[in-house]
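Enquirer: Sequence and predicted model, in that order:
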Amino acid sequence: MGSGKMCLRSLVAKWFGHSAVVAVRVMEFSRTPSDRRRYVRIGVMRPDEGLTIVFFRHDDGSWNVFPAKASTPAMRAYPLAA
């Protein structure tokens, strides 16, 4: 992936640590009900508690821990042709 985007595997390693990558599990993958964007919930079980992080797919193909901004209608003014 170019332009500084990381693949999901790299992000999981970044957030959970390289030593924990073997123990992580995909808990859920689906689409958001509102705008049908993809998300993946990844978790790891630890002796004291579990940890879960949700990754959201953005329009540019990148994965982030925050959801993509919903596209909203925009009004533009164009000059009239003379």
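Expert: Cool, the structure landed.
Enquirer: host element of the residue most central in space within the chain?
Expert: Nearest residue to the geometric centre of the chain (CA atoms, centre = their mean): residue 56, 2.0 Å. Per DSSP states H and E: residue 56 is located in strand 50-57.
Enquirer: Tell me the helix or strand right after that strand.
Expert: Moving toward the C-terminus from strand 50-57, the next helix or strand (DSSP H and E) is strand 63-64.
Enquirer: Direction included, what does that next one pair against?
Expert: strand 50-57 (antiparallel) (DSSP bridges).
Enquirer: got the buried residues for the strand it pairs with?
Expert: Residues of strand 50-57 classed as buried: 53, 55, 56, 57 (neighbour count, 16 or more other CB atoms under 10 Å). From N, CA and C alone the C-beta is placed, and that goes for glycine too.
Enquirer: do the same with stretch 6-17
Expert: Residues 11, 12, 13, 16 are the ones in stretch 6-17 that count as buried (16+ other CB under 10 Å).
Enquirer: Tell me who's in contact with the last one.
Expert: I take that to be residue 16. The neighbourhood of residue 16, defined by CB atoms under 8 Å, 6 or more residues apart in numbering, consists of 24, 42, 44, 51, 53.
Enquirer: measure the second one to residue 69 for me?
Expert: For residue 42, the distance to residue 69 (CB to CB, to the nearest Å) stands at 22 Å.
Enquirer: neighbour-wise, which of these two wins?
Expert: Between residue 42 and residue 69, counted using other CB atoms under 10 Å, the more crowded position is residue 42 (20 against 9).
Enquirer: Paired strands for the helix or strand where that one lies, with orientation please.
Expert: Using DSSP H and E, residue 42 sits within strand 38-45. Strand pairing for strand 38-45, using DSSP bridges, gives strand 25-31 (antiparallel), strand 50-57 (antiparallel).
Enquirer: Return it as PDB; C-alpha atoms alone will do.
Expert: Taking Å, rounded to 0.1, in the frame of the first residue of the first chain, the C-alpha atoms of strand 38-45 are listed here in PDB:
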ATOM      1  CA  ARG A  38     -16.600  -2.400   6.300                       C
ATOM      2  CA  TYR A  39     -15.300  -3.000   9.800                       C
ATOM      3  CA  VAL A  40     -13.400  -5.700  11.600                       C
ATOM      4  CA  ARG A  41     -13.400  -6.300  15.400                       C
ATOM      5  CA  ILE A  42     -10.200  -7.900  16.500                       C
ATOM      6  CA  GLY A  43      -9.500  -9.100  20.000                       C
ATOM      7  CA  VAL A  44      -7.000 -10.900  22.200                       C
ATOM      8  CA  MET A  45      -7.600 -12.800  25.400                       C
END
